[in-house]
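I need the structure of the sequence given here:
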Amino acid sequence: MAATSEHALVSLLAINGLRVSEALGADIEALGLERGHRTLTVLRKGGKVVTIPLAPRTARAIDLAIGERVEGPIFLGRDGERLDRHAAWRIVRRLARKVGINKQVGPHALRHAFITAALDAGVPWRDVQEAASHADPRTTMRYDNPRKLHRTRAKAQGAWS
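Alright, predicted model coming up:
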């Protein structure tokens with residue numbers, strides 16, 4: 001997989017918060033334009049089809065990844081077939097090692113970073129829940145609990161310093 005495709009995959013996972021299955025299942029024909037914004041229609045967990053706006057950086061990365069192709073999967077493996085989740089795992093793990101992250105990192109870690117970053121930025125958790133396509137609000141709240149624990153621990157350490 002070319003570096004441009006890897007960048008597009010990482011962008012969809014980390015900047016747009018897609019699940020790896022949503023990103024890998026996306027086709028070029030599902031790219032669109034609505035009110036001046038690039039969009040991608042994806043099949044969400046549970047069979048729900050949604051159109052999401054793409055971050056400009058993600059849209060550019062996808063355009064570079066697909067090149068002149070006008071149909072088929074956005075992400076192709078070396079064999080020319082749709083990239084599978086195992087290959088996506090290898091890509092994310094290799095890129096993490098390349099930047100000095102030595103612990104086990106997979107595609108979901110990028111989605112997790114998207115959700116955590118949104119919560120850290122003060123985005124209301126209901127908006128984050130919708131962006132993450134969590135059916136149950138408790139799922140989104142689980143991403144917030146470790147952050148609250150970390151902040152509480154930091155305050156306690158500061159009080160004793």
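
separation between Val123 and Ile115?
9 Å (C-beta to C-beta, to the nearest Å). Every C-beta, even on glycine, is put in place using the N, C-alpha and C of the backbone.

need the overlap of contacts for those two.
Residues touching both Val123 and Ile115 (C-beta atoms under 8 Å, 6 or more residues apart in numbering) are Ala131.

which one of these two has more residues nearby?
Per other C-beta atoms under 10 Å, whichever of Val123 and Ile115 has more neighbours is Ile115, with 22 against 13.

from what I can see Ala55 touches Gly17, true?
No. In this structure Ala55 lies outside contact range of Gly17 using C-beta atoms under 8 Å: 10.0 Å.

contacting residues around the closest residue to Arg69 other than its chain neighbours?
Closest residue to Arg69 apart from its sequence neighbours, by C-beta to C-beta, 6 or more residues apart in numbering: Ile28 at 6.0 Å. Residues near Ile28 by C-beta under 8 Å, 6+ apart: 66, 69-74.

can I get the buried part of these as one PyMOL selection?
Applying 16 or more other C-beta atoms under 10 Å to the contacts of Ile28, the buried members can be selected in PyMOL as follows:
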select buried, resi 66+73+74
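
format the contacts of Ile28 as a markdown table; extra columns: distance to Leu95 and secondary structure.
Listed next are the contacts of Ile28 as a markdown table, based on distance: C-beta to C-beta, whole Å; DSSP: H, G, I helix; E, B strand; the rest coil:
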| residue | distance to Leu95 | secondary structure |
| --- | --- | --- |
| Ile66 | 20 | helix |
| Arg69 | 23 | coil |
| Val70 | 28 | coil |
| Glu71 | 28 | coil |
| Gly72 | 24 | coil |
| Pro73 | 20 | strand |
| Ile74 | 18 | coil |
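
can you tell me the element the spatially most central residue of the chain falls in?
The structure's the chain has its C-alpha centroid closest to Leu13; by C-alpha atoms, centre = their mean the separation is 1.6 Å. For Leu13, the element it lies in under DSSP states H and E is helix 3-14.

what does Ala59 give?
Residue-wise, Ala59 maps onto helix 56-66 under DSSP H and E.

which residues in the protein form helices?
When assigned using DSSP state H, the helices of the chain occupy the ranges 3-14, 20-24, 56-66, 85-98, 107-120, 125-132, 137-160.
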